[in-house]
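# Need the 3D shape of this:
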Amino acid sequence: MPLEVGKRALQSALRQTRRRLHLVFFGGEPLLRWADLLALTDEARTRGESCGVQILPTLTTNGTLLTDDRCAELAQRRFLLAVSCDGLEMAHDALRRDRAGMGSFARTWQGINTALKAHLRPRIALVVHPSNIAYLPESIEFFVAAGLRDFVVNLDWSAPWDARGMKERLTHAYENVAALYVQAYRDANPFWISMIDSRIADRIRGVDTQDRCDLGRRNLVVAPSGNLYPCDRLIGEDDGLMSIGHIDSGVDARRLEAFMKQASFIPTACLSCAIRERCRHRCACANLAMSGHAGTPTSLLCFYEQLCLRTADDAAEMLFSERNEGFLGQHYGDKVPF
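You can find the predicted model right below:
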């Protein structure tokens, strides 16, 4: 993104923010524009201080360009760091190869270790695909042994999960990850993983998952062209088809309203679903990608949500029944029931 576009986007965001602004850099690879990234972050902090807005910078990177100096700069600026790494070398390199066809795991892993030395404690973002699903439990074990404790698991929705045996393999992998999660708490060495912890938190705190999809209400994504999108999943090739405005003209309220109206649609089949109140697949972008309609989930989305809820509930019920102190403290704090 050109620095000038970033500055205009920042100015627009600060005009609409009262207390806290999450400044998220992703790509592509943001570290290719390192000087611009630092300049925009510093300007955001300066402007934020002048108007009473807290700036919370986040960087998502493939890790290959992380160096000691860069990690020190990120730590000094209190960045939250996320590194895309799909697991062990054979899992990661199944999908992430460079232009020469070479795997990128070794460089990514070096970057992760560089971040750990700088006490950045990166979050690991894993993309789950049929080609690497078998390695997921072993990959989590590998990361935890290296001192990593924070994982976001994202399913590749475009992959052929409906192929024979794929859902069974996915179920087996997730159940094994849940077993690792339980054992980690028993060993007083727990980790956080999105597919389990987020759903446990929703159940305990009664979060309204029907309101979980922001779709331009609480966040906006700025493309290098200056086009505005309601979600990063909709940028694609930045052809403007899913755009809801431009940083120079602002949000097109009619386009945003049309998106939100479609996303608020609830299919008849969902009305009688037993997990409707806990279902996270009100994600308009996932629905658009899979079914072509922002409010309509596919059978795969339904299967996946049921799988995640079941494995999360089984893990939570086991740890709760054991009165595991670490688990109760993490999810209930000082409000543990009976």
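# Only C-alpha atoms from now on, for both contacts and neighbour counts.
Noted.
# Contacts only, for the nearest residue to residue 1 once chain neighbours are set aside.
Excluding its sequence neighbours, the residue lying closest to residue 1 (CA to CA, 6 or more residues apart in numbering) is residue 224, at 4.1 Å. Applying CA atoms under 8 Å, 6 or more residues apart in numbering, we find residue 224 in contact with 1, 2, 5.
# name the element residue 65 belongs to?
Using DSSP states H and E, residue 65 sits within no helix or strand.
# Please report the number of neighbouring residues for it.
Neighbour count of residue 65, defined by other CA atoms under 10 Å: 17.
# Quick check: it touching residue 30?
No - counting by CA atoms under 8 Å, residue 65 stays clear of residue 30, with 9.6 Å between them.
# in the chain, which spans are strands?
20-25, 54-61, 80-84, 123-128, 150-155, 192-193, 221-222, 227-229, 245-246, 250-251 (DSSP state E).
# Kindly reformat those as TSV and extend each row with distance to residue 175.
Shown next, in TSV, are those (distance: least, CA to CA, whole Å):
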stretch	distance to residue 175
strand 20-25	32
strand 54-61	28
strand 80-84	23
strand 123-128	14
strand 150-155	14
strand 192-193	13
strand 221-222	34
strand 227-229	35
strand 245-246	43
strand 250-251	43
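# among these, which is the most enclosed?
strand 227-229 (a mean of 26; mean count of other CA atoms under 10 Å).
# List the strands paired with that strand, with their directions.
Neighbouring strands of strand 227-229 in its sheet, by DSSP bridges, are strand 221-222 (antiparallel), strand 245-246 (antiparallel).
# Which one, of the ones you listed, ends up nearest to residue 22?
Closest of the strands paired with strand 227-229 to residue 22 is strand 221-222, at 11.4 Å (criterion: CA to CA).
# Show me what the closest one is in contact with.
Strand 221-222 is contacted by residues 9, 228, 229, 230, 231, 232, 247 when judged by CA under 8 Å, 6+ apart.
# Mean confidence (pLDDT) on that strand, please.
Average pLDDT, strand 221-222: 88.
# Output the below-cut-off pLDDT ranges for the stretch 101-250 of the chain.
Applying pLDDT under 70 to the stretch 101-250 of the chain flags residues 207-218.
# mind listing the helices for this structure?
With helices called from DSSP state H, the chain shows them at 3-15, 34-51, 68-76, 89-92, 105-117, 136-145, 166-186, 194-205, 253-263, 268-271, 284-291, 299-321, 325-332.
# Now do the third one: which elements does it pack against?
Applying 3 or more CA pairs under 8 Å, 6 or more residues apart in numbering; DSSP states H and E, one finds that helix 68-76 contacts helix 105-117.
# Same question for the first one.
Of the remaining helices and strands, those touching helix 3-15 by 3+ CA pairs under 8 Å, 6+ apart are helix 34-51.
# For the residue lying closest to residue 30 once chain neighbours are set aside, name its beta-bridge partners.
Spatial nearest neighbour of residue 30, chain neighbours left out: residue 61 (6.7 Å); criterion: CA to CA, 6+ apart. Applying DSSP bridges to residue 61 gives these bridge partners: residue 83.
# list the contacts for residue 96?
103, 104, 105 are the contacts of residue 96 under CA under 8 Å, 6+ apart.
# Reformat those residues as TSV; add neighbour count and distance to residue 115.
Listed next are the contacts of residue 96 as TSV, based on neighbours: other CA atoms under 10 Å; distance: CA to CA, whole Å:
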residue	neighbour count	distance to residue 115
103	18	20
104	20	17
105	24	15
